[in-house]
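Student: just the structure for this:
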Amino acid sequence: MINDLVTAVPDSGLGNNAYLVDLGDGAALAVDACRDLRALRTEAGRRGLRITHAADTHLHADFLSGAVQLAADEGAQVLASRSGGRTFAHTTLEDEQEIALNGGLLLRALATPGHTDEHLSFALIDGDRTLGVFTGGSLIVGSAARVDLVDPARTESLARAQFRSVRRVAELGDDAALWPTHGGGSFCSAVATGSSTSTIGKERLTNPLLALDEEGFVQALLDSHGTYPTYFQRLGERNRQGPAVVGGRPVLEGLPPQVVADGQRGGAVVVDVRPIAAFAAAHPQDALSIPLRSAFASWLGWLAPHDRPIIVLRDERQDPEEILWQALKIGYENVVGEVSGGLAAWAEAGLPIASLPMTGVATADEKRVLDVRQRREYEAGHVPGALHLELGSLESAVPGLADVPTLVMCGHGERAMSAASILQRHGFTRLTVLNGGPESIVLEAAE
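Tutor: Numbering: from 1, shown residues only. Below you'll find the model as predicted:
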C-alpha cells in the first residue's frame, strides 16, 4: 500500500528526492518540491492527481522551493514550520501539530533541528499507524545531513541538536518508511549512500550514526563535512522570502555573436555547455566550460557568477529549457540568452576562438598533475605527487600557480575541462585535459 501511496521523484543531479503522496479523490501532497516542477508534474499527471498541499521540511540551501509556484499555479496549501519566518502566505506548523489530509490521513510535524534550526520532519499517519516519515535533512539513509550550513560558529551545537533529532525519528516503529530528501550525491548529505529510501527498523540496524553516543556522533558529523557549492549561502534566505513565481515556460533568447562578445568585455560570462570534446576542439575565447548533464546546476552555482549576465553556448541537440530550469532551480535568473547560431556563427563573425588539448591516456612524467576532485575522492586514491585543488577552490588558488606543463584530471573529464577553462581564462597556456580518471594515467616504472 505504501509503495502505491508515496512516489519518490528524484533529482539525480542534486542527489535529492521530492515526494508525491496520493491522498485519494485526485488530490496529492508534494513534499520538498523544488522550483523545477517538471518531473513532479509529469508524475502527478500520470497518476491523475492535482497537488493540493505542498510541505517543506526546511529552508533548503541546495534548491529553491517549488511550494510558492504550486500555490500560485494550483492553489496548493503550503505547510512549513512557524519558526522558519517565511514571509509568504503559508500554514505554519509547530512540534506535534497535525494537519488532516484527504482519506483519513494525518500529517504530524516533528521538530527535528540540526541540519537547520527550523527543520521539521513530517510523519504520515493512517489511524493509529505511522506509515512513514519525511525526514528532509534529519535522519537519512545510512547517515544524517550535514550541520555546518547555517553558521560555521554553531556547527557543534547544531550537531548536538541533530543527535537528538535523529534519535527522535528512530523511535518511530520499525515498519515506518524513511523518506529523506537528501541522499547519495547530495552536498547536504554527510556521506554518500547507495539508496534513497529505507525503514526505521533498517536504519536502527545499519545506520552507523545511531550506534554512537552523543560525543561520537558529533565528532563523526564534524569529520565528514566536505566543501559545498557557494550558492548554498544564498538560498536559505531566498526560500524564506519565497522565490519569484515563474510565468510560463522559460525561453533562451538568441543573441548575435558580436553582441555577446561586447557583453564579455562588459563582464558577461559565456558558459559553454557542450560536451567536453567539442569544447576542447574549439570554443569562444574566455568561455567557461560547464557541460550540460545531471550535475550542471551544482557546478553552475559553484563556478559561474550569480550577479553578472550569463550567456550560454550550446549545440543544437541540447535542450534550452533544461539549461534554464537547472539554472532557475538554484536561483540563477541571470542567464540572459544564448549565442545565436552557436560556435559556427561565432567563427563566421571572426571572433576569437581557443582550444584545449585533450587525451584519453597520459603518463605522469614531466607534467604537473592537477587533480580537481573532491577531498574524499582524492583520499580514496590518487596519482602519487599530484597537486590536489578542488575545482570549487581553483579560482582563488590561481595566483599561486605557475604556468608549467599541467595535466588536469578529475574522475571522468568534465570537471577537469571546467578547471582547464578557468586556468585558460587566467592566461595558462601549457594545459592538457585528461578525458578519464586516475585509471587513465600510466605510471612509469622506476628504473
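Student: ok now do Leu49, which residues does it touch?
Tutor: Going by CB atoms under 8 Å, 6 or more residues apart in numbering, Leu49 touches 20, 22, 26-28. Heads up, the C-betas are built off the backbone N, CA and C, glycines and all.
Student: can you pick the most crowded of the residues you listed?
Tutor: Ranked by the number of neighbours (other CB atoms under 10 Å), the contacts of Leu49 place Ala28 first, at 26 neighbours.
Student: for the protein, longest helix please?
Tutor: In the chain, assigned by DSSP state H, the helix with the most residues is helix 155-170.
Student: among the contacts of Leu49, which two are most distant?
Tutor: Greatest spatial distance among the contacts of Leu49 (CB to CB): Leu20 and Gly26, at 12.7 Å.
Student: name every strand pairing with the next helix or strand after the longest helix of the chain and say which way it goes.
Tutor: Of the helices and strands lying after helix 155-170 in sequence (DSSP states H and E), the nearest is strand 177-180. Using DSSP bridges, strand 177-180 pairs in its sheet with strand 129-136 (parallel), strand 198-199 (antiparallel).
Student: dump those strands to CSV, plus distance to Ala244, mean neighbour count and mean pLDDT.
Tutor: Output for the strands paired with strand 177-180, formatted as CSV (distance: least, CB to CB, whole Å; neighbours: other CB atoms under 10 Å; pLDDT from 0 to 100):
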stretch, distance to Ala244, mean neighbour count, mean pLDDT
strand 129-136, 23, 23, 97
strand 198-199, 35, 19, 95
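Student: what's the closest of the ones you listed to Asp213?
Tutor: Of the strands paired with strand 177-180, the one closest to Asp213 (CB to CB) turns out to be strand 129-136, at 21.3 Å.
Student: averaged pLDDT, the helix or strand just after the closest one. What do you get?
Tutor: Proceeding N to C from strand 129-136, the next assigned helix or strand is strand 139-140, under DSSP H and E. Averaging pLDDT along strand 139-140 gives 96.
Student: chain center to strand 139-140: distance?
Tutor: Put simply, strand 139-140 sits 17 Å off its chain's centre (CA atoms, centre = their mean, to the nearest Å).
Student: kindly report the same for stretch 347-365.
Tutor: With CA atoms, centre = their mean, you get 29 Å for stretch 347-365.
Student: list the buried residues for that stretch?
Tutor: 351, 356, 358, 362, 364 (16 or more other CB atoms under 10 Å).
Student: from Arg38, how far off is the second one?
Tutor: So that's Leu356. Leu356 sits 33 Å away from Arg38 when distances are taken as CB to CB, to the nearest Å.
Student: just the pLDDT at Ala445, thanks.
Tutor: 45.
Student: hang on, the earlier thing: any residues touching the longest helix of the chain, and which ones?
Tutor: In contact with helix 155-170 (CB under 8 Å, 6+ apart) are residues 110-115, 117, 119, 121, 133, 135, 138-139, 144-145, 147-148, 150, 178, 200, 203-204, 209-210, 214, 217-218, 221-222, 225.
Student: circling back: reformat the strands paired with strand 177-180 as a markdown table; add distance to Tyr378.
Tutor: Output for these, formatted as a markdown table (distance: least, CB to CB, whole Å):
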| stretch | distance to Tyr378 |
| --- | --- |
| strand 129-136 | 30 |
| strand 198-199 | 29 |
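Student: quick one: closest of these to Leu288.
Tutor: Nearest of the strands paired with strand 177-180 (CB to CB): strand 129-136, 32.5 Å.
Student: now the closest one, how far from the chain's geometric center?
Tutor: That offset, for strand 129-136, works out to 23 Å (CA atoms, centre = their mean).
Student: got a list of contacts for that strand?
Tutor: With CB under 8 Å, 6+ apart, strand 129-136 has contacts from 2, 5-6, 19, 31-32, 55, 57-58, 110, 112, 115, 119-125, 145, 169, 172-173, 176-182, 200.
Student: where does the stretch 51-200 of the chain dip in pLDDT?
Tutor: 184, 189-195 (pLDDT under 70).
Student: counting by contacts, list what the one helix or strand Leu407 maps to packs against.
Tutor: Per DSSP H and E: Leu407 is located in strand 406-409. The contact analysis (3 or more CB pairs under 8 Å, 6 or more residues apart in numbering; DSSP states H and E) places strand 406-409 against strand 368-371, helix 414-425, strand 431-434.
Student: put the alpha carbons of it into CSV.
Tutor: The C-alpha trace of strand 406-409 is given here as CSV (Å, rounded to 0.1, in the frame of the first residue of the first chain):
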residue,chain,number,x,y,z
THR,A,406,50.0,20.6,-16.5
LEU,A,407,47.8,17.6,-16.9
VAL,A,408,44.3,18.4,-15.4
MET,A,409,42.3,15.5,-14.2
